[in-house]
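S.K.: model this:
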Amino acid sequence: MRRFDLSVYLVTDRPLCLGRQLVDVVGEAVAGGVTLVQLREKDAQTREFVELARAVKALLDPFGVPLLINDRVDVALACGAAGVHVGQKDMNPADVRAIVQGTLGPDAVVGLSVESEELALAARDLPVDYLGAGPVFATTTKKDAAPVIGLAGLSRIVELAGRPVVGIGAIGADNAAGVIRAGAAGVAVVSAVCSAPAPREAAARLADVVRAARGVQGS
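M.R.: Here you go, the predicted structure:
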């Protein structure tokens, strides 16, 4: 399995980038400490999505930061991404694994979103490398977000998962420490970086908070 770092996990959202080019925002974020990028494009046409994915991957490769594609296995294959992240209504993770195993290779990463303890337990039998659990806090970024699970719910999912868990949902530098102390392997953020006036500084602050929280957790 490919080694990957969930510490500061950026989920992209072009409308939240304050009119800036997404590639520029991602570049700044990675320079600040983002360790993994998930390219999420709900409205882009396929050709546009592939071209954007290739541009982002070309940016990330020199940093050794993996690119995951949200939902679209075809786009992941076309751009040679590190893997795919899917939700509960997307392609079955077992089917995703079968496809990427033979194309992206045995080190391809497959992630799955879960919104409850029941879904986390069910995911134990699925061939996924990590879970994205949330929303941890109330969020307006995702319009169809499930009910908030809170830090207690996140902690329980971590216990049930049997694999790394990244917390998502209205996470920023002010509450990221609690997410790490709840047992998460990292924090997934959207607006905290995409909408930050200075994405590099925002990512660096998050990275500092995550490192500090791990120090507290391990003490």
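S.K.: C-alpha only now, for contacts and for neighbours.
M.R.: Noted.
S.K.: which residues are in contact with stretch 128-141?
M.R.: Stretch 128-141 has contacts (Cα atoms under 8 Å, 6 or more residues apart in numbering) with 93, 97, 109-116, 120, 145-151, 153-154, 157, 161, 163-171, 188, 190-191.
S.K.: Let's see which of those end up in strands.
M.R.: Among the contacts of stretch 128-141, DSSP state E puts V109, V110, G111, L112, S113, V114, V165, V166, G167, I168, A188 in strands.
S.K.: Pull up the gap between the second one and A177, please.
M.R.: Just to be clear, that refers to V110. 25 Å (Cα to Cα, to the nearest Å).
S.K.: Also D13?
M.R.: Distance, D13 to A177, by Cα to Cα: 23 Å.
S.K.: More neighbours: which of the two?
M.R.: A177 (24 against 19; other Cα atoms under 10 Å).
S.K.: ok, and what's touching the helix ranked longest in the chain?
M.R.: Looking across the chain with DSSP state H, the single longest helix is helix 199-218. Defining contact as Cα under 8 Å, 6+ apart, one finds that helix 199-218 is touched by 7-8, 25, 28-34, 172-173, 176-178, 180-181, 186, 192-193, 196.
S.K.: cool, stretch 25-43 as well?
M.R.: Contacts for stretch 25-43 (Cα under 8 Å, 6+ apart): 4-14, 17, 49, 53, 56, 59-60, 63, 65-71, 85, 193-194, 199-204, 207.
S.K.: just checking, G186 touches L10?
M.R.: No - look at G186 against L10 with Cα atoms under 8 Å: they stay out of range, at 10.5 Å.
S.K.: can you pull the buried residues of the lowest-mean-pLDDT helix or strand in the chain?
M.R.: Across the helices and strands of the chain, mean confidence by mean pLDDT, DSSP states H and E is lowest for helix 199-218: a mean of 89. Within helix 199-218, the residues scored as buried using 16 or more other Cα atoms under 10 Å are 199-211, 213-214.
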